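[1] here is a sequence with its predicted model. Questions after.
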Amino acid sequence: MTLPLLIEASELHQHLNNPDLLIVDLSSGENYLKGHIPNAINLSPSSLLSGQPPVPNKLPSNDQLQQLCKAIGLTEKSLVVAYDDQKGALAGRFIWSLNIIGHNNCSMLNGQITSWTTEAFPLETAVNQAKASTYKISINPKLIADVEFITQHLQDPNLAIWDARSYPEYTGEKVINAAKGGHIPGAHHFEWTDCLISEDNLRLKPANTLLSALKEQGITPEKTIITHCQTHRRSGLTYFVARYLGFKDVRCYDGSWFEWGNLPDTPVEK
């Protein structure tokens, strides 16, 4: 069986006793201990990063990804449902990571854990441990964009770069941990939090609303989409949103602005 890519709390609750269900909580350890969905396994966000200089936010090595699989007890039968305390950014990056290694039966909890508590569904505070498992990873390079790929396709009308950062970062008014500010030439701006209903309601906006808003920015389903932010945390959510909206060719630039903005020869627009 499969679960919806975007799953509601009520439907997740119905599947809690499914032996193949694997709930992954990417919240802080502190928030996890305060209360989490029953049987959820807490995964540190650092597991999603290589941690290696000069760009520590890139995809982990194959060995690290294999360790990630063991940390959550992933199997080929796993029905993975992810949520976090970061408005969906970490859950989205986690799902991208699993998609890269060949596991596509992944879902995100719509509204994150707030939607679960709003429905008054049960929480637990026990620390859950993953069951022993093996998972053979197979990297899908078509989900990744690097500097070379982006540079070669800057003039491609069938490609759209989705910059998920704040508008001041996009314009270069605000620079975070980079030698230069601005954006990749031709990049389209749509801030990641604009995918959400509100700060108080972290559920995604209706699909038709998102499709119309993205179309106004030149981000459309028939194009190859490359999404990024500063460290490919926020763009974890935009990757998920593009997938949810039915975009077929979505790549993540995991180096993001932390890499592009610190390279001496990369072109920049402001």
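    In hand now; what should we look at?
[2] please make it C-alpha for all contacts and neighbour counts, starting now.
    Noted.
[3] test my guess that residue 143 contacts residue 100.
    Yes: Residue 143 is within contact range of residue 100, at 6.4 Å (criterion: CA atoms under 8 Å).
[4] low-confidence ranges, the stretch 151-270 of the chain, go.
    Residues of the stretch 151-270 of the chain meeting the criterion pLDDT under 70: none.
[5] please, where are all the helices along it?
    167-171, 207-216, 234-244, 256-260 (DSSP state H, counting those that start in this stretch).
[6] what's the closest of the ones you listed to residue 158?
    Among the helices of the stretch 151-270 of the chain, helix 207-216 comes nearest to residue 158, with 13.6 Å by CA to CA.
[7] need the contact partners of the closest one.
    Helix 207-216 is contacted from outside by 190, 195, 220, 245, using CA atoms under 8 Å, 6 or more residues apart in numbering.
[8] need the helices of the stretch 151-270 of the chain in JSON lines (columns: distance to residue 28).
    Output for these, formatted as JSON lines (distance: least, CA to CA, whole Å):
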{"stretch": "helix 167-171", "distance to residue 28": "26"}
{"stretch": "helix 207-216", "distance to residue 28": "29"}
{"stretch": "helix 234-244", "distance to residue 28": "16"}
{"stretch": "helix 256-260", "distance to residue 28": "23"}
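[9] any idea which of those helices gets closest to residue 200?
    Judged by CA to CA, the one of the helices of the stretch 151-270 of the chain that comes nearest to residue 200 is helix 234-244, at 17.0 Å.
[10] the closest residue to residue 125 other than its chain neighbours - how many residues pack around it?
    Once flanking residues are discounted, residue 125 sits nearest to residue 35: 4.8 Å by CA to CA, 6 or more residues apart in numbering. Look at residue 35: counted by other CA atoms under 10 Å, it has 16 neighbours.
[11] pretty sure residue 35 sits against residue 124.
    Yes: using CA under 8 Å, residue 35 is in contact with residue 124, at 5.2 Å.
[12] start to end distance for stretch 149-161?
    This stretch, stretch 149-161, spans 12 Å end to end (CA to CA, to the nearest Å).
[13] buried residues in that stretch?
    Applying a neighbour-count criterion of 16 or more other CA atoms under 10 Å, one finds 150, 154, 159-161 buried in stretch 149-161.
[14] same question for stretch 14-23.
    Buried residues in stretch 14-23, counted by 16+ other CA under 10 Å: 20-23.
[15] so for it, what's the average pLDDT?
    Averaging pLDDT along stretch 14-23 gives 97.
[16] what distance separates that stretch from the centre of its chain?
    22 Å (CA atoms, centre = their mean, to the nearest Å).
[17] would you turn the contacts of helix 207-216 into a markdown table with distance to residue 109 and neighbour count?
    Output for the contacts of helix 207-216, formatted as a markdown table (distance: CA to CA, whole Å; neighbours: other CA atoms under 10 Å):
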| residue | distance to residue 109 | neighbour count |
| --- | --- | --- |
| 190 | 22 | 22 |
| 195 | 15 | 21 |
| 220 | 24 | 20 |
| 245 | 16 | 15 |
